[in-house]
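Asks: Give me a model of this one.
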Amino acid sequence: MKHKGSFFEYEEERNRDLLRAYHTLAGDKSIPRELFFETLVEMPSSRYWVSPERAHFVIKAMMEGRQLRPMKPNKKRMFDDLLSAVLRRLADRPEHSLFDIVLQAVYSPAPSFYLTPESARVILCKIRTGWYERRQKKR
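Replies: Residues are numbered from 1 along each chain as shown. Okay, the predicted model is just below:
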């Protein structure tokens, strides 16, 4: 779980990817305005937005059947999808280490952003208002 003041190391990259998807979708006038953010978060992402180390820890625990802390639905769905991708890769490359397979899977395209529509709306609002740039200057 994220703690107050924690830092998401891939935030800038994720935001650029979300902005790319936003601009792609913004040109499609057939999407009703009230469904825009629901559609946006389900668009393919350039990768899974989790660190390889965290993904390895969670995927290994899932494969061993260990009990994990409860996760929010989108995070659970992301790790379930990531586990499927890892298992497919392991079947094709059994000689590779689990960490190498997880690393490949994390950096492969993801089927969605695994964000809530409201989270995407807040992130994009913060990007537009320069919130992220101002925060960087404070560091």
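Asks: So what's the predicted local confidence for the closest residue to residue 98 other than its chain neighbours?
Replies: With sequence-adjacent residues excluded and distances taken as Cβ to Cβ, 6 or more residues apart in numbering, residue 98 is closest to residue 60, at 6.3 Å. C-beta: built from backbone N, CA, C; applies to glycine. Residue 60 carries a pLDDT score of 97 in this model.
Asks: Show the contacting residues for the most centrally placed residue in the chain.
Replies: With distances taken as Cα atoms, centre = their mean, residue 49 lies nearest the centre of the chain, 3.2 Å away. Applying Cβ atoms under 8 Å, 6 or more residues apart in numbering, we find residue 49 in contact with 10, 14, 110, 113-114.
Asks: and if you look at residue 16?
Replies: Not one residue lies near residue 16 by Cβ under 8 Å, 6+ apart.
Asks: Would you agree residue 83 is in contact with residue 60?
Replies: No. If you go by Cβ atoms under 8 Å, residue 83 and residue 60 don't touch, sitting 10.1 Å apart.
Asks: what about those two, which has more around it?
Replies: Using other Cβ atoms under 10 Å as the criterion, residue 83 and residue 60 rank with residue 83 on top: 17 against 14.
Asks: circling back: are any of the contacts of residue 49 buried, and which?
Replies: Buried members of the contacts of residue 49, scored by 16 or more other Cβ atoms under 10 Å, are 14, 110, 113-114.
Asks: Sort out which of these are in helices and list them.
Replies: residue 14 (DSSP state H).
Asks: which SS class is the residue lying farthest from the centre of the chain?
Replies: Distance from the C-alpha centroid of the chain peaks at residue 95, with 27.4 Å (Cα atoms, centre = their mean). Following DSSP: H, G, I helix; E, B strand; the rest coil, the label given to residue 95 is coil.
Asks: Would you mind measuring from it to residue 101?
Replies: Distance of residue 95 to residue 101, given as Cβ to Cβ, to the nearest Å: 10 Å.
Asks: do the same with residue 37
Replies: 33 Å.
Asks: for residue 113, same thing?
Replies: 23 Å.
Asks: just residue 68 next, same as before
Replies: Residue 68 is 19 Å from residue 101, by Cβ to Cβ.
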